[in-house]
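1. Below is the structure, and that's it, no one-letter string:
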């Protein structure tokens, strides 16, 4: 299938795997998506520079196809962007911020740029700044979400507003029907995250994968409850017993107190990280 997106990014199918952090979208998932003809995107946040270089090398050992790296501009990431440009990563993806300062640097290095937005105004500003691909993220999206209206409403508005820039639809898309619908709305491709969460290549806990597969359309909630380190950023989560008990008390999740108990640990590029 050929669209403006596939031609621009030199991929075979107009499908991008959303970066899922801090380490769910590792080299294995990125390479699997790219090898299948889409664009796998590595989540770079919280990677020490030397480990980040190792992750890029691991991706390139697993695939010779184009891939991307994502940066959340809410957090310091200048050093990782510098490494990406040095390594000539094919696509740099940005979220939750203004990417204007990186567009021309990326272009000079031969890299394409993508920015995920949740409004027509932000899409228009990004297109005027020269971003190569705009990801229009609707309210239905999993993880952190900038979108405040539905994907079906947002995508045609963005496509009409920036007709000269490829638009990718994100949020609530999980199969071929969603891709066809997105193309009909004026998009040039789709970005999917949750669809790839339960794959063998994703670095998610097995119990989480099980819960995702078993979840129904009523089992998620958009909240700001888990705001530690990233306050007032809406995110879609599973409606667990914990979440149900704390609905209506989201401000507590914004405090990030120093006395938060440690409830477990995860691993990011092999390094143990406590979960408060």
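-> Received, thanks. Keep in mind the model is a prediction, meaning the values are calculated, not measured.

2. how about the helices of the stretch 151-276 of the chain, start to end?
-> For the stretch 151-276 of the chain, the helices defined by DSSP state H, counting those that start in this stretch occupy 151-161, 176-184, 194-197, 206-214, 241-246.

3. can you state the direction angle for the first one and helix 176-184?
-> This points to helix 151-161. Here helix 151-161 points in a direction 30 degrees away from that of helix 176-184 (axes from the mean of the first three to the mean of the last three CA atoms, to 10 degrees).

4. what's near enough to touch the closest residue in space to residue 194 that isn't next to it in sequence?
-> Computed as CB to CB, 6 or more residues apart in numbering, the closest residue to residue 194 that is not its neighbour in sequence is residue 142, at 4.4 Å. Placement of C-beta: from N, CA and C, glycine included. Neighbouring residues of residue 142 by CB atoms under 8 Å, 6 or more residues apart in numbering: 193, 194, 220, 236.

5. Now do the phi/psi pair for the residue nearest to residue 36 when sequence neighbours are not counted.
-> What sits nearest to residue 36 in space, not counting adjacent residues and going by CB to CB, 6+ apart, is residue 13, at 7.6 Å. Per-residue torsions, residue 13: phi -130, psi 150 (degrees, to the nearest 10).

6. Residue 13 contacts residue 37, correct?
-> Yes. Taking contacts as CB atoms under 8 Å, residue 13 lies within contact range of residue 37: 4.4 Å.

7. Those two: which is more packed in?
-> Per other CB atoms under 10 Å, whichever of residue 13 and residue 37 has more neighbours is residue 13, with 18 against 14.

8. What residues does that one make contact with?
-> Taking CB under 8 Å, 6+ apart as the criterion, residue 13 is in contact with 1, 6, 36, 37, 38.

9. per-residue pLDDT, residue 268?
-> Residue 268 carries a pLDDT value of 81.

10. what about it, how many residues close to it?
-> The tally of other residues near residue 268 (other CB under 10 Å) stands at 18.
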